[in-house]
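Trainee: Provide a 3D model corresponding to the input given below.
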Amino acid sequence: MGANIQQWFASIDVDRSGELDVKELQRALSMGNLQFGVSDVDQMIRAFDTRGRRRLSFPEFQRLHEFLINIQNSFAYFDADRSRTLQTQEVQQALQHAGFRLDPPVLAAMMSRHDPDNSGTLSLDEYIRMCLFLQSCVRTFTAFDQQRTGKITLDFNQWVYAASHVA
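Mentor: You can find the predicted model right below:
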């Protein structure tokens, strides 16, 4: 897979910069039948960009690719009724399998945020957005939880800073 993904990266790196920008990544995702707006693609880049450039190097792109494959596999596995959507219970099971133990009110808030048509289910694209949001939450929370206690205390400025980093 390594050589194939490297060839794919090179083919979508239209400007030959060695990095993917929002437009290049958006084009690549659409080739894989994943339709995301520019803000969603920017969120993906920010979630995997370790250098703060808002562009993905090849290793960062590899991590995003693995993440998306894992999310798609999880979605397919937990879509028990093969409806091509996940109901709340299926989302809860998938997130628990990924290591997230969300309280019912938190899961309800997450479903509400990522279910724009208020169907009570998540499509694959919506589920990917939710997982990206959770990854962003983990990354931001971890930055403040340096002792790894699972609890943080923030003043208002820290809260605003943290909230601005959670897409």
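Trainee: neighbours of Arg139, just the number please.
Mentor: Summarising burial for Arg139: neighbours were counted as other Cβ atoms under 10 Å, giving 14. Bear in mind the C-beta positions are built from the backbone N, C-alpha and C, glycine included.
Trainee: and if you look at Ser136?
Mentor: 17.
Trainee: let the chain start at 572 from now.
Mentor: Noted, 572 is the first residue going forward, which turns the last one into Ser707.
Trainee: secondary structure element holding the residue most central in space within the chain?
Mentor: Closest residue to the average C-alpha location of the chain: Leu703 at 1.9 Å, with Cα atoms, centre = their mean. Leu703 is part of helix 695-715 when elements are defined by DSSP states H and E.
Trainee: buried set for that helix?
Mentor: By neighbour count on 16 or more other Cβ atoms under 10 Å, the buried set for helix 695-715 is 695, 697-708, 711.
Trainee: before we move on, what about stretch 662-676?
Mentor: Residues 662-666, 671 are the ones in stretch 662-676 that count as buried (16+ other Cβ under 10 Å).
Trainee: who's in contact with the helix holding Leu703?
Mentor: Surrounding helix 695-715, the residues in contact under the criterion Cβ atoms under 8 Å, 6 or more residues apart in numbering are 605-607, 611, 614-615, 617-618, 638-639, 642-643, 646, 655, 657, 662, 665-666, 669, 671, 681, 684-687, 693, 723, 725, 729, 733, 736-738.
Trainee: hmm, which of the residues you listed are the buried ones?
Mentor: Among the contacts of helix 695-715, those classed as buried by neighbour count (16+ other Cβ under 10 Å) are 605, 607, 611, 614-615, 617-618, 638-639, 642, 646, 657, 662, 665-666, 671, 681, 685-686, 693, 723, 733, 738.
Trainee: what residues are up against the closest residue to Val662 other than its chain neighbours?
Mentor: The spatially closest residue to Val662, leaving aside those adjacent along the chain, is Leu693, at 6.0 Å (Cβ to Cβ, 6 or more residues apart in numbering). By Cβ under 8 Å, 6+ apart, Leu693 lies in contact with 656-657, 662, 682, 685-686, 701.
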